[in-house]
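Asks: Next one to model:
(one chain, ligands or ions: 1)
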Amino acid sequence: MSAKLPRVPLGQQGMMVSAQGLGCMGMSAAYGGYEGEEAQSEALAVIDRALELGCTCLDTAEVYGPYTNEELVGRAIKGRADQFQVCTKFGFKFGDGQFTGFDSTPANVRKVCEESMKRLGVDCIDLFYQHRVDPNTPIEDTIRELKALVEEGKVKYIGLSEASAADIRKAHAIHPITAYQLEWSLWTRDAEKEIIPTCRELGIGLVAYSPLGRGFLTGAIAKPDDLSEDDWRRSNPRFTAEAMEKNKVLVDKVRAIAEKKGCTAAQVALAWVHHQGSDVVPIPGTKRVKYLLDNIGAYNVKLSAEDMEELNFAGEGVAGDRYTTEHMKAFTFHYGAANV
Ligand SMILES: NC(=O)c1ccc[n+]([C@@H]2O[C@H](COP(=O)([O-])OP(=O)(O)OC[C@H]3O[C@@H](n4cnc5c(N)ncnc54)[C@H](OP(=O)(O)O)[C@@H]3O)[C@@H](O)[C@H]2O)c1
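Replies: Model prediction:
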């Protein structure tokens, strides 16, 4: 039985969130296995159980589906939205449900805010992130519109994801940024050089996405055939047979420490993120109650300095980039080619 998660501050504007959040993306997109009534009712059960255990910070986005993940979250929290921190993201445009580019123009920020509120069934979004910087819209224009939405009571706090350090500063000068969402885990540490110090200097809270290495660090995925045909990870450089074989040494280390502690590998991988600081909130993603319980339990797993050192060492020289070069250029180029 997992103990209830405490609430912690995120950023410096007064936002309080559960010490671990719940990534909802996989309930409607990306990793397959979410279609059908049974899968959807399990996803709803995950959110019910998360609330019981104090895991109230829910992460979704317009693009997950698109739209269907926000709709699912809206169904799950109906009548009790005030018990959750509802966090969503904008920044893309779509044609016939397909991604067609970026759009953080003030008009689109406002439009997505209104539509997301409807899908989520809320009259205010707790944390509204720009998902990716729009190369054609100055970030100042986007933040000015977000600031107006805060003043109108439609958004409580503002977040960024994968923006460069320079853009974080420009944005923060217009309106305080509460949270920055970044990929951060034992095998993705490039943000530690510049992004994380910038956020810390400005008092911006850190939300770690894909903290389980998209599932790899749990030891549950050993080869491409462990992934369904429609799983996005099949196109990810870290999920080729060669990369998985090379990165097995990292999973073996995570497993060895888990065995020593009497916990699961997923818990060790997540505990490593929790040990990065009290300003860090990981948002592991799952659509299964059993994984949710496992992940929440990680909050109380203690790693010694020696464990951390061993894990850090094992995480060096990971094979495969976190996204394809094409994907990095298209989606995270603002974060800097040096990080590709
Ligand atoms: N800002 C961004 O650009 C961005 C990008 C990616 C993700 N995100 C957010 O971050 C959230 C988390 O990231 P993520 O889902 O990509 O990766 P993740 O949390 O690192 O891993 C999710 C994967 O791990 C599996 N898993 C979860 N708990 C497990 C456990 N205890 N034991 C074994 N396997 C376990 C899940 O399986 P099941 O699916 O079968 O439960 C899923 O395949 C997303 O849901 C999304 O909200 C944001």
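
Asks: Who is the closest residue to the ligand within the stretch 201-340 of the chain paired with across the strands?
Replies: Closest contact between the stretch 201-340 of the chain and the ligand, by C-beta to the nearest ligand atom, is at residue 285 (2.5 Å). (C-beta placed from N, C-alpha, C; glycine too.) Note on residue 285: beta-bridge partners by DSSP bridges are residue 23.

Asks: from memory it sits against residue 29, does it?
Replies: No - with contact defined as C-beta atoms under 8 Å, residue 285 does not count as touching residue 29 (10.2 Å).

Asks: ok, these two, which is more surrounded?
Replies: Neighbours per residue (other C-beta atoms under 10 Å) separate residue 285 from residue 29, with residue 285 holding more: 22 against 18.

Asks: what sits against the more buried one?
Replies: 22, 23, 24, 25, 26, 59, 210, 212 (C-beta atoms under 8 Å, 6 or more residues apart in numbering).

Asks: want to try CSV for these, with neighbour count as columns?
Replies: Below are the contacts of residue 285 laid out as CSV (neighbours: other C-beta atoms under 10 Å):
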residue, neighbour count
22, 27
23, 24
24, 28
25, 21
26, 24
59, 26
210, 22
212, 26
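
Asks: ok, of the residues you listed, which one's closest to the ligand?
Replies: residue 23 (2.3 Å).

Asks: After the helix or strand encompassing residue 260, which helix or strand is next? Please name it.
Replies: Taking DSSP states H and E as the definition, residue 260 sits inside helix 241-261. Sequence order places helix 265-274 as the next helix or strand after helix 241-261, per DSSP H and E.

Asks: Quick check: which ranges of the chain have low pLDDT?
Replies: Applying pLDDT under 70 to the chain flags residues 1-2, 330-340.

Asks: residue boundaries of the strands in it?
Replies: Shown for the chain, the strands assigned by DSSP state E span residues 7-10, 15-18, 22-23, 57-59, 85-90, 92-95, 98-102, 125-130, 155-161, 179-183, 205-209, 280-282.

Asks: Mind putting those strands into TSV with distance to residue 147?
Replies: Converted to TSV, the strands of the chain look like this (distance: least, C-beta to C-beta, whole Å):
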stretch	distance to residue 147
strand 7-10	19
strand 15-18	16
strand 22-23	27
strand 57-59	22
strand 85-90	15
strand 92-95	21
strand 98-102	20
strand 125-130	11
strand 155-161	8
strand 179-183	16
strand 205-209	18
strand 280-282	23
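
Asks: Quick one, which of those strands gets closest to the ligand.
Replies: Once those are compared by C-beta to the nearest ligand atom, strand 22-23 is nearest, at 2.3 Å.

Asks: Run through who's touching the closest one.
Replies: Against strand 22-23 from outside (C-beta under 8 Å, 6+ apart): 46-47, 50, 55, 57-59, 209-210, 283-286, 292.

Asks: Please consider this matter closed, and thank you.
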